[in-house]
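Student: return atomic coordinates for the entry below.
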Amino acid sequence: MNRAVIRATERTRGDWLRAALLAGVLSGAACSHSPSAASSATSTPAPSSASVDLTKPPVLGDPKALALPAVVTRELPNGLRLMVVEQHELPLADFVLVIKGGGETDEAGKLGTATLATSLLKEGTTTRNSLQIADQEAFLGVDIFAGSGWDATTIQLHTPTAQLDSALALFADIALHPVFPANELERLRQTRLTSLLQVKDRGPEIANRAYAAIVYGSAAYGRPLTGDEASAKAIQQADVRRFYDTHFRPNNATLLVVGDVKPDDVERRVRAMFGAWERRDVPPASYGQPPAAKGTTIYLVDKPGAAQSSFRIGGVGVARNTPDYFPLTVMSTALGGSFTSRLNQNLRETKGYTYGASAGFGMRRTAGPFTASAEVVAAKTDSALIEFIKELRAIRDTLPKDELEKTKRYLQLQLPGRFETTGGIAGQLSQLVTYDVPLSFYNTYTQGIAAVTQADVQRVARQYIDPDKLAIVIVGDRKSIEPTLRATKLGDVVVVDIAGRPGM
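Tutor: Next up, the predicted model:
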């Protein structure tokens, strides 16, 4: 079975289930995915239009008990942690190597080292050059991806199990024997410089960079993952090699395996491929301290002639290990985490200022940002800001019971969709691994959401969202929007550049 057929099979199965669930034709028994259940589901007549009141939205059903697959955990002598989940529905397997350490480890003057080093992993090993890697990847019908973000770097393999030996050998070669060729480094450097030049013409990207710099200052999360032009030019082969040698260690890594596999067989193969990987001590990352929040301030980045204004509003939020995870998830979803959330309904559906507005907590190893955001038609910049502040104040009041229950049900019913494919399961587990969250987290997720009360939502909203201490970053045409922003009197207006530094 080739890769295209396998992908189509996964998509078709997932799409059919979602469509059936939305149509209300699946009973609890039909969710077993058995052929008889599917036949029973498809034979159930759809409700007639005469019996459906189209003036009322569908009523969300009760969440079903979710039986998640067991996770078998083992550890190699060199410290590599192995986690295996059996999923035998299709002859596929996903491998995800999670390395703790990402952009937060970048040194001053060398920002973007982690992401550049990760991009180079597939560009050459001690036995293969970049073209040979690409050729073998295509020949085997596998996908290998490497990426680095905050707090972790991952290398992912998606493969048919029929090609498991060859695919795993290629995967291990990329992970363990990169050479970071000088010519490929120079090529990727030029690509990055081009991308950084393009950033200067993209309002949303400008807003993201300025917002992070203003909220976090010189702390780790205030630095852009891809650095800037100066750092892109400064990074040398020795820098990417140092990042790799420091953090790519088995005692700093977890290998997740999900698919049509057996734990003993996986362990045997992994020992053969990764058993000689040398362990070493890994220094802890230094995150630094963000500046203390001050009175609400509007930071304006000039983008002459911009047809829209990019909004980023908020401040320092919480770490992933917060005990308030469930109340915060419910509160932020009601505020800006779904299409029917308050911000989106106000700014998009009622006012028509934007195609979408959202809000949420970027929970990381240390406190990540709380951000409310939208891209707003320029003529309504001041009006949109007023509505943003109104909603950020209103969420601090008691959330009505019906809105609370709707939000909780939305979150609970979303959960099964995250585990539809081997890649989906691996992705969910990789988040738990990155932030040292217990593997049992999803087994109690539905109950954790259900336990959130109106008092919980109000408490976390008042604790973590302070309308009087907001960083408001707006990227737009200064000439047309600055006077009206000042007229709102919602905060001092300070003109800054893309790095959050005060300008003219």
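
Student: Ala169 contacts Phe274, correct?
Tutor: No - Ala169 lies out of contact with Phe274 (CB atoms under 8 Å); the separation is 11.3 Å. For glycine as for every other residue, the C-beta is placed from the backbone atoms N, C-alpha and C.

Student: alpha carbons of stretch 120-128, as CSV, please.
Tutor: Included here for stretch 120-128 are C-alpha records, laid out as CSV according to Å, rounded to 0.1, in the frame of the first residue of the first chain:
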residue,chain,number,x,y,z
LEU,A,120,20.1,21.1,8.8
LEU,A,121,19.5,17.6,10.2
LYS,A,122,18.1,16.3,6.9
GLU,A,123,20.8,18.1,4.8
GLY,A,124,23.5,15.5,5.3
THR,A,125,24.9,12.7,7.5
THR,A,126,28.2,10.9,7.7
THR,A,127,26.8,8.4,5.1
ARG,A,128,24.2,10.4,3.0
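
Student: other residues contacting that stretch?
Tutor: For stretch 120-128, contacts defined as CB atoms under 8 Å, 6 or more residues apart in numbering pick out 130, 133-134, 136, 144, 146, 155, 170, 173-175, 177-181, 184-185, 188, 240.

Student: go again using 7 Å as the cut-off
Tutor: Stretch 120-128 has contacts (CB atoms under 7 Å, 6 or more residues apart in numbering) with 130, 133, 144, 146, 155, 173-174, 177-181, 184-185, 188, 240.

Student: which SSE is immediately downstream of the helix or strand hosting Gln156?
Tutor: Assessed by DSSP states H and E, Gln156 sits inside strand 152-160. Downstream of strand 152-160, the first helix or strand assigned by DSSP H and E is helix 164-176.

Student: buried residues, the strand or helix carrying Glu387. List them.
Tutor: Per DSSP H and E, Glu387 falls inside helix 381-394. Using 16 or more other CB atoms under 10 Å as the test for burial, helix 381-394 gives Thr381, Asp382, Ser383, Ala384, Leu385, Glu387, Phe388, Ile389, Glu391, Leu392.

Student: list the buried residues for the next helix or strand after it?
Tutor: Once the chain leaves helix 381-394, the next helix or strand it forms, by DSSP H and E, is helix 401-414. By neighbour count on 16+ other CB under 10 Å, the buried set for helix 401-414 is Glu403, Leu404, Lys406, Thr407, Lys408, Arg409, Tyr410, Leu411, Gln412, Leu413.

Student: who's in contact with helix 401-414?
Tutor: Applying CB under 7 Å, 6+ apart, the contact partners of helix 401-414 are 60, 63, 329-330, 333-334, 338, 446, 449-450, 452, 454, 457.

Student: filter the residues you listed to the buried ones?
Tutor: Using 16+ other CB under 10 Å, the buried ones in the contacts of helix 401-414 are Pro63, Thr329, Val330, Thr333, Ala334, Ser338, Thr446, Ile449, Val452, Val457.

Student: how about the residues you listed in TSV, adding secondary structure, pLDDT and distance to Glu229?
Tutor: Below are the buried ones among the contacts of helix 401-414 laid out as TSV (DSSP: H, G, I helix; E, B strand; the rest coil; pLDDT from 0 to 100; distance: CB to CB, whole Å):
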residue	secondary structure	pLDDT	distance to Glu229
Pro63	coil	84	49
Thr329	helix	98	38
Val330	helix	98	42
Thr333	helix	98	38
Ala334	helix	98	41
Ser338	coil	96	38
Thr446	helix	94	47
Ile449	helix	97	44
Val452	coil	98	45
Val457	helix	98	44
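
Student: dump those into JSON lines; add distance to Leu92 as well.
Tutor: Formatted as JSON lines, these follow (distance: CB to CB, whole Å):
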{"residue": "Pro63", "distance to Leu92": "28"}
{"residue": "Thr329", "distance to Leu92": "30"}
{"residue": "Val330", "distance to Leu92": "34"}
{"residue": "Thr333", "distance to Leu92": "32"}
{"residue": "Ala334", "distance to Leu92": "37"}
{"residue": "Ser338", "distance to Leu92": "31"}
{"residue": "Thr446", "distance to Leu92": "27"}
{"residue": "Ile449", "distance to Leu92": "30"}
{"residue": "Val452", "distance to Leu92": "36"}
{"residue": "Val457", "distance to Leu92": "40"}
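
Student: my guess is Gly423 contacts Phe95. True?
Tutor: No - with contact defined as CB atoms under 7 Å, Gly423 does not reach Phe95; the gap is 10.4 Å.

Student: ok, now how distant is Ala372 from Thr73?
Tutor: 38 Å (CB to CB, to the nearest Å).

Student: picking up where we left off before, out of the contacts of helix 401-414, who's nearest Asp165?
Tutor: Thr446 (39.1 Å; CB to CB).

Student: that older thread, for Ala372 and Thr73, indicate the residue with more neighbours.
Tutor: Neighbours were tallied for Ala372 and for Thr73 using other CB atoms under 10 Å; the higher tally belongs to Ala372 (24 against 12).

Student: what's downstream of whichever strand or helix holds Ile206, the next helix or strand?
Tutor: Using DSSP H and E, Ile206 sits within helix 203-216. Tracing the chain past helix 203-216, the next element assigned as helix or strand by DSSP H and E is helix 229-234.

Student: ok, and for that next one, which residues are buried?
Tutor: So, applying 16+ other CB under 10 Å, buried residues of helix 229-234: Ser231, Ala232, Ala234.

Student: Arg74 reaches Val270, doesn't it?
Tutor: No - contact criterion CB under 7 Å: Arg74 and Val270 do not qualify, at 8.9 Å.

Student: of these two, who's got more company?
Tutor: Neighbour count, other CB under 10 Å: between Arg74 and Val270, Val270 has more, with 20 against 16.

Student: now the more buried one, nearest residue through space, not along the chain?
Tutor: Leu82 (5.8 Å; CB to CB, 6 or more residues apart in numbering).

Student: just to revisit the earlier point, higher neighbour count, Gly423 and Phe95?
Tutor: Phe95 (27 against 18).

Student: and the residue nearest the centre of the chain, how far is that from Asp402?
Tutor: By CA atoms, centre = their mean, the chain has its centre lying nearest to Gly362, at 8.4 Å. Computed as CB to CB, the Gly362 to Asp402 distance reads 29 Å.

Student: give the residue spans of this protein that score low on pLDDT.
Tutor: 1-50, 504 (pLDDT under 70).
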